[in-house]
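K.L.:
any chance you can model this:
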Amino acid sequence: MKQPRGISEFNMLNHPLALKDFFDMPDPLYDWQIEVMENVSKPRARCAVSTCNESGKTNVIIPLLGLSIMSAFPGAKVFSTAGAEPQIKDQLWQYLEAKLHPYVKAGWTLVPSDMTITAPKVEIDGHTYRSKWTMRVPKDAKTMEGLHGSWNHGQWTPAAIIIDEAKSVAQDIFEAAYRIDPDWFLVISTPGEDSGPFYDAMEEVIKSKHEGAHYGTKNDLWTYRRRISWLECPHLLTPEKLSFRQALIKKHGENSSFIRSFLGGEFWRDSDENYVFTNHDVDLIRKAMKDDILKKHGERRAALEFSSGGDEQSIGILDGNEIVCWEQFREQNTANLARLFIERLQKHKVQPWNCNADSGGVGHAIICNMEDLGYGPINRYMNNQTSIDTKEYADRITEDHYRFKEKLDKYQGIIRLPNDPVLFKQIRQRKKAQDDHNRVKLELKPKHRSRTGESPDRLDTLIMMFSDWEPPPEEKQNNPDENYVSKLEEEARKSAGGDRAFMDLIPQVSLAELDREAKGAILT
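P.N.:
This is a model prediction of the structure:
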């Protein structure tokens with residue numbers, strides 16, 4: 001009987017580390033990347049890896065594993081999923097397209113509409129095999145059925161399951177992968193909160209003080225686990241990257257969940273220091289609330305915060321560096337509230353386009369009411385608008401909180417804040433979390449309200465008011481030296497044509513003068 005061909009054919013000649021140059025991988029790979037690839041490519045491998053941001057998991061580890069399996073095993077099935085569809089479409093797919101671009105004419109097929117990649121046809125003993133990689137976020141675990149490895153005309157066609165950003169993948173997807181019992185199983189992710197199936201996979205590693213790889217046996221659920229920090233990624237230690245990360249540590253605090261996760265590859269928990277405003281920020285706010293900062297008039301800007309359900313509605317108006325109007329209402333009649341706000345804005349001569357107003361929820365209708373009354377167009381502020389720095393912040397309101405912190409630090413002794421104990425309390429209480437892409441995001445208001453007993457509406461007003469703020473320009477002081485005028489310089493300016501445009505050009509002789517000079521030359 002003919003010996004079946006199967007997984008034993010996976011040798012060093014078709015090992016991922018031997019194929020990495022074909023798929024445009026970095027050279028050399030880092031020690032931890034080599035270690036991960038050596039372990040995840042073993043038969044029956046079940047590997048869990050927690051990484052810092054920008055470690056190379058989605059553009060190195062996952063493509064190299066999947067494409068190597070497709071190349072080494074004709075007919076192989078690779079299935080990859082992620083916590084969110086953009087992780088596949090906007091990141092992994094883009095990397096795979098670039099790596100396979102040189103080989104499209106050789107038979108590699110990419111279908112973006114289906115998120116599938118098919119390898120070239122391979123003939124073995126008169127039978128045709130094509131490996132296929134399918135990428136999608138399954139609606140439920142049942143859609144993952146049929147992904148088992150199988151025998152096909154005496155040829156073993158193995159299956160690989162890859163879960164990217166596994167922190168956001170539900171338990172039933174993990175269980176479906178266990179039932180498939182793939183030949184290779186990799187879950188890899190930046191970490192999230194300390195719960196869920198990915199945390200369960202990494203819990204022993206996180207709690208252990210042992211650095212480096214954690215190995216299991218073939219009888220354990222996981223054969224290999226590893227946590228990767230930014231200090232193991234040389235490309236994150238360049239002067240520019242290092243400077244940026246040191247600034248992040250200063251901004252968020254060394255023990256904040258964001259830093260522990262973003263840089264350290266560690267899971268975060270409620271007990272971490274997850275306050276938006278650090279002790280350094282709070283000290284600056286105390287100083288800004290004192291009345292000994294010089295007032296400087298300038299552009300007038302305003303912010304309006306609208307709330308319903310008994311929460312405060314708030315207005316703040318800036319004149320240069322000072323808040324000249326800071327009032328809160330609990331007005332349930334939206335028409336009355338619109339008139340109240342217009343009265344304050346017109347009293348302080350704020351142009352509508354310099355007024356940021358919360359356009360979410362009830363705010364949309366109140367802004368329309370104000371504009372119908374003749375005060376418009378108002379600048380509609382959307383909290384969930386896309387941030388400028390999309391890698392660090394989940395939305396605009398979160399980013400503007402951190403921009404305000406930067407302004408507090410940069411313009412110490414210039415920004416004047418109202419001495420408002422409620423505002424100060426809201427500043428001290430505001431917390432942050434991470435979203436599915438490990439970006440900073442403010443704690444959701446319902447959770448904040450349940451934790452503190454109130455909505456942080458005064459703080460939101462303050463943040464909106466300073467979102468477009470610039471300090472008043474410095475008044476130019478008369479300098480006696482600047483009034484000195486050189487007589488020689490004055491004579492030179494006159495001879496060059498005065499202060500007219502192009503004054504430094506030599507004045508041209510007029511045609512009449514040239515005519516007189518010509519006639520004089522003839523006569524002589």
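K.L.:
buried residues, stretch 67-82. List them.
P.N.:
67-82 (16 or more other C-beta atoms under 10 Å). The way it works is simple: take the backbone N, C-alpha and C, and place the C-beta from them, glycine included.
K.L.:
and the residue most central in space within the chain, how far is that from Glu211?
P.N.:
Taking C-alpha atoms, centre = their mean, the centroid of the chain lies closest to Lys391, which sits 1.7 Å from it. Using C-beta to C-beta, to the nearest Å, Lys391 is found at 27 Å from Glu211.
K.L.:
and Tyr275, by the same measure?
P.N.:
Distance, Tyr275 to Glu211, by C-beta to C-beta: 29 Å.
K.L.:
before we move on, what about Pro28?
P.N.:
Taking C-beta to C-beta, one finds Pro28 at 22 Å from Glu211.
K.L.:
ok, back up a step: quick check: the farthest pair among the buried residues of stretch 67-82?
P.N.:
Largest separation among the buried residues of stretch 67-82 by C-beta to C-beta: Pro74 and Ala82, giving 26.4 Å.
K.L.:
okay, now Met289: neighbour count?
P.N.:
17 (other C-beta atoms under 10 Å).
K.L.:
pLDDT at the residue nearest to Asn419 when sequence neighbours are not counted, what is it?
P.N.:
Closest residue in space to Asn419, ignoring its immediate chain neighbours: Met289 at 4.5 Å, by C-beta to C-beta, 6 or more residues apart in numbering. Listed pLDDT for Met289 reads 92.
K.L.:
try Pro197
P.N.:
As predicted, Pro197 sits at a pLDDT of 91.
K.L.:
what about it, distance to Leu221?
P.N.:
Pro197 sits 11 Å away from Leu221, taking C-beta to C-beta as the criterion.
K.L.:
likewise Gln87?
P.N.:
Per C-beta to C-beta, Gln87 is found 25 Å from Leu221.
K.L.:
between the two, tell me which one has more neighbours.
P.N.:
Counted by other C-beta under 10 Å, Gln87 and Leu221 do not tie: Gln87 has more neighbours, with 22 against 10.
K.L.:
wait, is that one part of a helix?
P.N.:
Yes - under DSSP: H, G, I helix; E, B strand; the rest coil, Gln87 sits within a helix.
K.L.:
pLDDT weak spots in this protein?
P.N.:
Within the chain, the ranges that satisfy pLDDT under 70 run 1-13, 268-273, 475-510, 514, 519-524.
K.L.:
so what's the residue count around Trp230?
P.N.:
When neighbours are defined as other C-beta under 10 Å, Trp230 has 22 of them.
K.L.:
list the contacts for it?
P.N.:
52-53, 55, 236-237, 245, 263-265 (C-beta atoms under 8 Å, 6 or more residues apart in numbering).
K.L.:
and which of those is nearest Lys410?
P.N.:
Looking across those and measuring by C-beta to C-beta, the closest to Lys410 is Arg245, at 19.8 Å.
K.L.:
next, count neighbours for that closest one.
P.N.:
Neighbours of Arg245 under the rule other C-beta under 10 Å: 18.
K.L.:
residues contacting it?
P.N.:
Each residue near Arg245 by C-beta under 8 Å, 6+ apart is listed here: 230, 236, 263.
K.L.:
okay, the host helix or strand of Lys251 in PDB with CA atoms only?
P.N.:
Counting by DSSP states H and E, the element that carries Lys251 is helix 239-252. Only the C-alpha atoms of helix 239-252 are listed here, as PDB (Å, rounded to 0.1, in the frame of the first residue of the first chain):
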ATOM      1  CA  PRO A 239      15.400  58.100  18.600                       C
ATOM      2  CA  GLU A 240      12.100  59.300  17.000                       C
ATOM      3  CA  LYS A 241      10.100  56.300  18.200                       C
ATOM      4  CA  LEU A 242      11.700  56.400  21.600                       C
ATOM      5  CA  SER A 243      11.000  60.100  22.000                       C
ATOM      6  CA  PHE A 244       7.400  59.600  21.100                       C
ATOM      7  CA  ARG A 245       6.900  56.700  23.500                       C
ATOM      8  CA  GLN A 246       8.600  58.600  26.300                       C
ATOM      9  CA  ALA A 247       6.100  61.400  25.700                       C
ATOM     10  CA  LEU A 248       3.300  58.900  25.900                       C
ATOM     11  CA  ILE A 249       4.500  57.600  29.200                       C
ATOM     12  CA  LYS A 250       4.600  61.200  30.500                       C
ATOM     13  CA  LYS A 251       1.100  61.900  29.100                       C
ATOM     14  CA  HIS A 252      -0.700  58.800  30.400                       C
END
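K.L.:
and that helix, which residues are buried?
P.N.:
Of all the residues in helix 239-252, those buried under the rule 16+ other C-beta under 10 Å are 245, 248, 251-252.
K.L.:
using TSV, lay out those residues together with distance to His280.
P.N.:
Listed next are these as TSV, based on distance: C-beta to C-beta, whole Å:
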residue	distance to His280
Arg245	18
Leu248	14
Lys251	10
His252	11
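K.L.:
from those residues, pick the one nearest Lys132.
P.N.:
Of all the buried residues of helix 239-252, Arg245 has the smallest distance to Lys132: 39.3 Å, by C-beta to C-beta.
K.L.:
please report the distance of that closest one from Lys349.
P.N.:
Going from Arg245 to Lys349 by C-beta to C-beta gives 44 Å.
K.L.:
repeat that for Pro472.
P.N.:
With distances taken as C-beta to C-beta, Pro472 is found 16 Å from Lys349.
K.L.:
ok, back up a step: the contacts of Trp230 in helices, which ones?
P.N.:
Counting by DSSP state H, the part of the contacts of Trp230 found in helices is Arg245.
K.L.:
correct me, but Val187 touches Ala48?
P.N.:
Yes - using C-beta atoms under 8 Å, Val187 is in contact with Ala48, at 4.9 Å.
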